[in-house]
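Asks: Sequence plus the predicted model coming up.
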Amino acid sequence: MPFNYIPYRFLVLLLVFAACTGPRSTSSVNIQGTNPVKEQPNIVLILADDMGYGDVHSYNRESKIPTPALDRLAAEGIKFTDAHAAGSWCVPSRYGIMTGQYPLRKPMDVKRGSLIAPDRLTIASLLRRNDYHTALIGKWHLGFDGVKDWEGVDYRRPFEGGPVDRGFDYFFGMHASLDIAPYFYIENKRAVAAPTQTIAENQSPDATSTISGAFWRGGNIAPGFKHEEVLPTFTQKAVAFMQNHVKAKKRQPFFLYFSLTAPHTPWVAQPPFKGKSQVGEYGDFTMQADDAVGQVLKALEELGLQENTLVIFTSDNGPVWFEKDVQRFSHRAAGPYRGMKLDAYEGAHRVPFMARWPGKIESNTASAQLLCFTDMLATFAEVVGDTLPAEVKQDSYNLLPALLNKGVARREGLIIEGHTVREGDWKLIFGNGTGVLQRQWGQVSVSPVKGELYNLKEDPAETNNVYTTYPEKVLELTRRMEQYRAEGTTSTAPLSK
Ligand SMILES: [Ca+2]
């Protein structure tokens, strides 16, 4: 075996045996085996929207944004330094988390309707079939059946193909990002209030670009909907979900996927965060996002759930942070890495990723294990002792050994959408790594190139393109990408065991 740890099913057998011979306890996590009821941990997955690797203080000592809640999570758990979103922007990244499948395998266009096939296993349906109570609070951004551009939608009808049709028992949130109309809340399958009014586009007067600051697009909006209330509303709903779960005395564990709309635009921090950071509206809003995480951690503590809950925090892609912002605020939102959201450089897809599970995950540890969002599915399967179909496993690796610091996982390479392939320290970008945001708003001049090749160990900031120096490495990685593409043609990944 490439890694050395006790298989979960063996652990479960031990626990069942111990349960037959000893008294039950419900007070805390128990890895010795007297608490079989609570052995399957609650899972809280918190996903920030567009938060950079270098925003989180525990990842970047020079970050000018205070992030006490995230720093606490790092101190109480494990911090991954080579973790990658499955895409450089929201939709593919979230698709990878939900399905364990590389987004390369299908077109990532929510205007085609619901992106996740009805029979596809998701992290939510996996946990639900293992008796978890599952909820998504926040941003979905993976489409609904028959909803293409929101024109002509009948808001009295239920939305099909969304979270509650893809494994979640409960959903409260928004269809997409907080700067994309129409603006309204959805609860389970229905609009809480239809977007019957309109709102004009919004801009901050001193923003670096027209897609920075308190930017949102004009369009339809529900009566009473306020952009600045969305983050507090989602936070309150996330806490309420856990409180209600405890109040109902459900014996089943829960899975809460808390999908923030921050610090994505519009950057609309409220007191006491407004004006409090040294990094303008972005820094203020990131502080508020950190506080939302803090409220969830506090609720877990107050509800006595802290010990038996696996908490994971990460961000769906890199920041919207131009070189002009770096200069203006002396803050590097992508930390030591090059680029930003929608690029192919590390700053676009290498993200903060932390996990806490008291008694299981050692506190204040770090891992350089390569990790991709698609690994959540296989990792959660291992946590609950489930087995994935072979087709699902091809893109999803069980990283529980790395999480528990008990061995090395098998993952040695990955792909980011169709633009990047990584193998060990080597990374090949097909074409130019500069994305549409930098091209359109960053005033970055882009020269057409066949590709960019970097050795991340020697050149983590991707400053020296060695594409023409190592043609054999380019060929090797190009073939590797072809393999990834070929593997996908056989993937069906059915829901059933
Ligand atoms: Ca995003």
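Replies: Great, that's in hand.

Asks: For whichever residue of the stretch 101-250 of the chain sits closest to the ion, which three-state class applies?
Replies: Residue nearest to the ion within the stretch 101-250 of the chain (CB to the ion): residue 177, separated by 7.0 Å. To be clear about C-beta, it is placed using only N, CA and C from the backbone, and glycine gets the same treatment. The local conformation at residue 177, judged by DSSP: H, G, I helix; E, B strand; the rest coil, is coil.

Asks: can you tell me the helix or strand for the residue lying closest to it once chain neighbours are set aside?
Replies: Distance criterion CB to CB, 6 or more residues apart in numbering; nearest residue to residue 177, sequence neighbours excluded, is residue 264 at 5.4 Å. Assigned by DSSP states H and E, residue 264 belongs to no helix or strand.

Asks: Check for me that residue 55 belongs to a helix.
Replies: No - according to three-state DSSP, residue 55 belongs to no helix; its state is coil.

Asks: close enough to count as contact, the residue nearest to residue 177 and residue 178?
Replies: Yes - the criterion here is CB atoms under 8 Å, and residue 264 meets it with residue 178 at 6.1 Å.

Asks: Please identify the residues of the protein in proximity to the ion?
Replies: 49-50, 90, 316-317 (CB under 5 Å from the ion).

Asks: Which of the residues you listed has the largest number of neighbours?
Replies: residue 317 (32 neighbours; other CB atoms under 10 Å).

Asks: quick one: secondary structure of that residue?
Replies: Residue 317 carries the three-state label coil when classified by three-state DSSP.

Asks: how close does it sit to residue 424?
Replies: Residue 317 sits 23 Å away from residue 424, going by CB to CB, to the nearest Å.

Asks: Can you show me the helices along the stretch 251-400 of the chain?
Replies: 280-302, 323-329, 346-349, 375-384, 390-393, 400-403 (DSSP state H, counting those that start in this stretch).

Asks: Any idea which residue of the stretch 1-150 of the chain lies closest to the ion?
Replies: Closest to the ion within the stretch 1-150 of the chain is residue 90: 3.8 Å, counting by CB to the ion.

Asks: For the stretch 101-250 of the chain, give me the ranges with low pLDDT.
Replies: Under the criterion pLDDT under 70, no range of the stretch 101-250 of the chain is flagged.

Asks: I figured residue 262 hits residue 46, correct?
Replies: No - Residue 262 lies out of contact with residue 46 (CB under 8 Å); the separation is 11.2 Å.

Asks: Determine which stretch of the helices of the stretch 251-400 of the chain is the most buried.
Replies: Mean neighbour count (mean count of other CB atoms under 10 Å) peaks for helix 346-349 among the helices of the stretch 251-400 of the chain, with a mean of 31.

Asks: on that earlier part again, ok, the residue of the stretch 1-150 of the chain closest to the ion touching residue 320?
Replies: No - in this structure residue 90 lies outside contact range of residue 320 using CB under 8 Å: 11.5 Å.

Asks: any residues in contact with both of the two?
Replies: 50, 264 (CB atoms under 8 Å, 6 or more residues apart in numbering).

Asks: Tell me who's in contact with the residue lying closest to residue 305 once chain neighbours are set aside.
Replies: Excluding its sequence neighbours, the residue lying closest to residue 305 (CB to CB, 6+ apart) is residue 42, at 6.0 Å. Residues in contact with residue 42, defined by CB under 8 Å, 6+ apart, are 253-256, 305, 308-310.

Asks: 10 Å instead?
Replies: When contacts are counted by CB atoms under 10 Å, 6 or more residues apart in numbering, residue 42 touches 132-133, 242, 245, 252-256, 300, 303, 305-306, 308-311.

Asks: Check the burial of residue 180 by counting its neighbours.
Replies: By other CB under 10 Å, the residues close to residue 180 number 19.

Asks: Report the secondary structure state of it.
Replies: Of the three states, residue 180 takes coil according to three-state DSSP.

Asks: Check whether it really touches residue 216, as I assumed.
Replies: Yes - with contacts counted by CB atoms under 10 Å, residue 180 reaches residue 216, the gap being 8.0 Å.

Asks: any shared contact partners between these two?
Replies: Here residue 180 and residue 216 have residue 265 as joint contacts, going by CB under 10 Å, 6+ apart.

Asks: Give me the distance between the nearest residue to residue 49 once chain neighbours are set aside and residue 231.
Replies: Nearest residue to residue 49, sequence neighbours excluded (CB to CB, 6+ apart): residue 264, at 3.9 Å. As judged by CB to CB, residue 264 and residue 231 stand 10 Å apart.

Asks: re earlier: show me whatever sits in contact with both of residue 264 and residue 178.
Replies: 49, 139.

Asks: The two: who's more crowded?
Replies: Using other CB under 10 Å, the more surrounded residue of residue 264 and residue 178 is residue 264, with 25 against 22.

Asks: what does the model give that one for pLDDT?
Replies: Looking at residue 264, its pLDDT stands at 98.

Asks: what's the residue of the stretch 101-250 of the chain closest to the ion in contact with, if anything?
Replies: So residue 177 contacts 49-50, 89-91, 139, 141, 216-217, 261, 264-266 (CB under 10 Å, 6+ apart).

Asks: Now do the strands in the stretch 101-250 of the chain.
Replies: For the stretch 101-250 of the chain, applying DSSP state E, counting those that start in this stretch gives strands covering 133-139, 170-174, 186-187, 190-191, 197-199, 219-221.

Asks: winner for burial among those strands?
Replies: Of the strands of the stretch 101-250 of the chain, strand 133-139 is the most buried (mean count of other CB under 10 Å), at a mean of 25.

Asks: Adjacent strands (with direction) for that strand?
Replies: Next to strand 133-139 in the sheet, as set by DSSP bridges, lie strand 170-174 (parallel), strand 254-259 (parallel).

Asks: Just want the residue of the stretch 301-450 of the chain that's nearest the ion.
Replies: Nearest residue of the stretch 301-450 of the chain to the ion: residue 316, at 4.2 Å (CB to the ion).

Asks: burial measure for the nearest residue to that residue once chain neighbours are set aside, as a count.
Replies: Closest residue in space to residue 316, ignoring its immediate chain neighbours: residue 93 at 4.2 Å, by CB to CB, 6+ apart. Residue 93: 28 surrounding residues under other CB under 10 Å.
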